[in-house]
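>>> Here's a sequence, model it:
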Amino acid sequence: MSAPENHTDAAAEQGTSIHPRSVLGRLPRYAAGKPPVVIEGLESYKLSSNENPLPPLPAVLEAIAQQTAINRYPDPMTTTLRSELADFLGVPAEDIVTGAGSLGALNQVLAAFAGQNEFEAPDEVIYPWRSFEAYPICVGLAGAKSVQVPLLPDATHDLDGMAAAITDRTRVILLCTPNNPTGPALTERQVRDFLARVPSHVVVILDEAYLEFVRNPEAVEGLQLYRDYPNVIVLRTFSKAHGLAGLRVGYSISQPALTQHLRVSATPFAVSQVAEHAAVTSLRHIGEVRERVQSIVDERTRVVDGLREFGWAIPEAEGNFVWLSLGENTPEFAALAEQQALSVRAFGTEGIRVSIGEAEANSRFLALCATYTKGPGVS
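Numbers count the residues shown, from 1 in each chain. A predicted model of the protein is given here:
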């Protein structure tokens, strides 16, 4: 009887001939916010992911606990949630397509409208940069080409540059408002002027993941634009304001000419019944959600005011985070924050995004900034 084949060695040899799509080698790796290190004598806080520091509402936790039929598939149309959202937003339920977070909804849009077509050059997707780091990954995996337009010096979208970047290959344009990770929000006037320069066959996505935290009265609010422009798609999520990041509930809103295609590209059963019931319950307690959001906005105001008192120059902060344009000092500051049991999100040598967390975490962050002499704008 011959010796048994060494399957480990055989698999290793075979593995050398198995290659992924070439695009994978060209895509950046998504870097999630790291957890804080443990420092003796200090409570650790995670400020590296734009999470709501508050747990879901008690009624939402109860609704989650009552869901026991997880042996059954969820409603693929998420009918109850879409009906609840329709009433809440004042839009037809048919105009809403749910997804696994706003990122899942984005992937559905890209799958429907941008990619590699037969015997043709890939479609182009324009978006600001720096912005949400998942954008280049999603665009690349869809088979489309990223066209990144650098932000202006004040960390806002260069809408003139984005309009100039439109070609006959452009199929989708992404606007992130407020922009993650830098913070500023677009105004309605800015977006309407921009849309006037965009061909009607190009899909324009308004990514409004942080809409509930916006307090600028002139900021764009996507619902009216979706009503006025057939090529506009609005993305929203329950991850931030509602504190349901771990359940992955998001959705897009667009007119029927677009939703008919999004229903084809939608991932089946993307939203679980547990997630759907949690989102519905949270919507039904929207007053309490808004109170919690306001408490985070109040903390954001305290952090922003504190930084500016120290002489730090920071962009307008309309999300649940602040942006520190630290440049080459980025790694140093991130290390100092780690020594204070605070995890922050460093972006190479560009800057650091710090999420608004618990009051004690925010106070410790401000104390660190008060002693740091290399902050942006500090002379």
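
>>> CA only for contacts and neighbour counts going forward, please
Fine.

>>> tell me which residues of stretch 96-113 are tucked away?
96-113 (16 or more other C-alpha atoms under 10 Å).

>>> brain fart, stretch 260-273
Residues of stretch 260-273 classed as buried: 262, 263, 265, 266, 267, 269, 270, 271, 272, 273 (neighbour count, 16+ other C-alpha under 10 Å).

>>> How about stretch 194-202?
195, 198, 199, 202.

>>> ditto for stretch 244-264
244-245, 247-255, 258-259, 262-263.

>>> Sort out which of those are in helices and list them.
The helices, defined by DSSP state H, take in 258, 259, 262, 263 from the buried residues of stretch 244-264.

>>> Tell me how far the second one lies from residue 231.
For residue 259, the distance to residue 231 equals 11 Å [C-alpha to C-alpha, to the nearest Å].

>>> give the contact list for the closest residue to residue 220 other than its chain neighbours.
Spatial nearest neighbour of residue 220, excluding adjacent residues (C-alpha to C-alpha, 6 or more residues apart in numbering): residue 188 at 3.9 Å. The neighbours of residue 188, taking C-alpha atoms under 8 Å, 6 or more residues apart in numbering as the test, are 218, 219, 220, 221.

>>> so who does the last one touch?
Read it as residue 221. By C-alpha under 8 Å, 6+ apart, the residues touching residue 221 are 188, 211.

>>> Now do it, the pLDDT please.
The model reports residue 221 with a pLDDT of 95.

>>> same question for stretch 308-328, mean pLDDT?
98.

>>> Kindly provide the distance from the residue nearest to residue 220 to residue 199.
From residue 188 to residue 199 the distance is 18 Å (C-alpha to C-alpha).

>>> quick one: the helices in the stretch 251-379 of the chain?
256-265, 273-284, 286-309, 330-339, 359-371 (DSSP state H, counting those that start in this stretch).

>>> Identify, out of these, the most deeply packed stretch.
Highest mean neighbour count among these (mean count of other C-alpha atoms under 10 Å): helix 273-284, with a mean of 22.

>>> the inter-axis angle of that one versus helix 286-309?
Orientation note: helix 273-284 sits at an angle of 80 degrees relative to helix 286-309 (axes from the mean of the first three to the mean of the last three C-alpha atoms, to 10 degrees).

>>> what's the distance between helix 273-284 and the middle of its chain?
Using C-alpha atoms, centre = their mean, to the nearest Å, the mean C-alpha position of helix 273-284 is found 20 Å from that of the whole chain.

>>> Does anything pack onto that helix? Which helices or strands?
With contacts defined as 3 or more C-alpha pairs under 8 Å, 6 or more residues apart in numbering; DSSP states H and E, helix 273-284 has these neighbours: helix 58-65, helix 79-89.

>>> Kindly recompute the last result at 10 Å.
helix 58-65, helix 79-89, helix 286-309 (3 or more C-alpha pairs under 10 Å, 6 or more residues apart in numbering; DSSP states H and E).

>>> got the angle between the last one and helix 79-89?
Orientation of helix 286-309 against helix 79-89 (the same axes, to 10 degrees) gives an angle of 60 degrees.

>>> Taking helix 359-371 as reference, get the angle to helix 286-309.
20 degrees.

>>> Can you name the next helix or strand after the helix or strand of the chain with the lowest mean pLDDT?
When the helices and strands of the chain are scored by mean pLDDT, DSSP states H and E, helix 7-15 comes last with a mean of 55. Later in the chain than helix 7-15, the nearest helix or strand by DSSP states H and E is strand 45-46.

>>> What strands flank that next one, and is each parallel or antiparallel?
Under the criterion DSSP bridges, strand 45-46 sits next to strand 342-343 (parallel) in its sheet.

>>> which residues are contacting the partner strand?
With contact meaning C-alpha atoms under 10 Å, 6 or more residues apart in numbering, strand 342-343 is reached by 33-39, 42-49, 334-337, 354-355, 361-362, 364-365.

>>> Quick one: mean pLDDT for it?
pLDDT averaged over strand 342-343 gives 98.

>>> go on, stretch 184-204?
Here the average pLDDT along stretch 184-204 is 98.

>>> Now do it: distance to the chain's middle.
How far stretch 184-204 lies from its chain's middle: 19 Å, per C-alpha atoms, centre = their mean.

>>> likewise stretch 70-87?
22 Å.

>>> Give me the nearest residue to residue 278, chain neighbours excluded.
In space, residue 278 is closest to residue 60, 5.3 Å off (C-alpha to C-alpha, 6+ apart).

>>> what about the one you found, distance to residue 242?
10 Å.

>>> In the ones in helices among the buried residues of stretch 244-264, find the pair that's most separated.
258 and 263 (9.0 Å; C-alpha to C-alpha).

>>> which neighbours do these two share?
With C-alpha under 10 Å, 6+ apart as the test, residue 258 and residue 263 both reach 109, 112.

>>> follow-up on the earlier one: of the buried residues of stretch 96-113, which belong to strands?
96, 97, 98, 99 (DSSP state E).

>>> low-scoring stretches of the stretch 1-150 of the chain, by residue?
Low-confidence segments of the stretch 1-150 of the chain, defined by pLDDT under 70: 1-16.

>>> In the stretch 151-300 of the chain, what residue spans correspond to strands?
170-176, 203-207, 232-237, 250-253 (DSSP state E, counting those that start in this stretch).

>>> angle of the first one against strand 203-207?
If I follow you right, that is strand 170-176. Angle, strand 170-176 to strand 203-207, by the same axes, to 10 degrees: 20 degrees.
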